[in-house]
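**Q** whatever this is, show me its structure:
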Amino acid sequence: TVTYDVQDAAGNQATQVTRTVTVVDTTAPVITVLSGTDTVEMGSTWTDAGATADGGETVTSSGTVDTSTVGTSTITYSATDAEENTGTATRTVTVVDTTAPVITVLSGTDTVEMGSTWTDAGATADGGETVTSSGTVDTSTVGTSTITYSATDAEENTGTATRTVTVVDTTAPVIT
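**A** Residues are numbered from 1 along each chain as shown. Coordinates of the predicted model:
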């Protein structure tokens, strides 16, 4: 309460007046998002680094990060002070896939007799992606050939593996 008491130069007293001043807090807590991992590899575990409030208020978070799917997620932090002022801040977490498919070359015949037929046993990709092959084996010539297998996932990561096929000539000449 502020009281005003005034008199003029002649000594006349004015009626005393009072003013009531109310101090209010309308400032929300300031939330600081702590430094953490905001980009995570798909399939990995993400740990929230959390956040703090400038007035020491308890900070709560909402939202989830699904590391099984590529994309972004938002975590929202909030804190409410004693005067019911609420501050918020957000963290954006990005799930990425930078891992190429793993190609497994299937067991097959990697040494073939010259002049015979060679059949490619193929390969598989760990994520079920389609595997393509390139290269040929010329069984009419002794030597080695390389077959390259590749697979590309939905995020354009490409994995490769190779098979080396050796053409040999172990057949003795026939003398007549």
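**Q** can you give me the strands for this protein?
**A** Using DSSP state E, the strands of the chain run over residues 2-4, 17-19, 31-33, 39-41, 51-53, 60-62, 71-80, 86-96, 103-105, 111-113, 123-125, 132-134, 143-152, 158-168.
**Q** sheet partners, orientation included, of the last one?
**A** If I follow you right, that is strand 158-168. Sheet pairing for strand 158-168, assigned by DSSP bridges, gives strand 111-113 (parallel), strand 143-152 (antiparallel).
**Q** out of those, which is closest to residue 21?
**A** Proximity to residue 21 (Cβ to Cβ) singles out strand 143-152 among the strands paired with strand 158-168, at 70.5 Å. The way it works is simple: take the backbone N, C-alpha and C, and place the C-beta from them, glycine included.
**Q** one step back: now the strands paired with strand 158-168 in JSON lines, with mean pLDDT, distance to residue 3 and mean neighbour count?
**A** What follows is the strands paired with strand 158-168, written out as JSON lines (pLDDT from 0 to 100; distance: least, Cβ to Cβ, whole Å; neighbours: other Cβ atoms under 10 Å):
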{"stretch": "strand 111-113", "mean pLDDT": "97", "distance to residue 3": "108", "mean neighbour count": "15"}
{"stretch": "strand 143-152", "mean pLDDT": "98", "distance to residue 3": "82", "mean neighbour count": "17"}
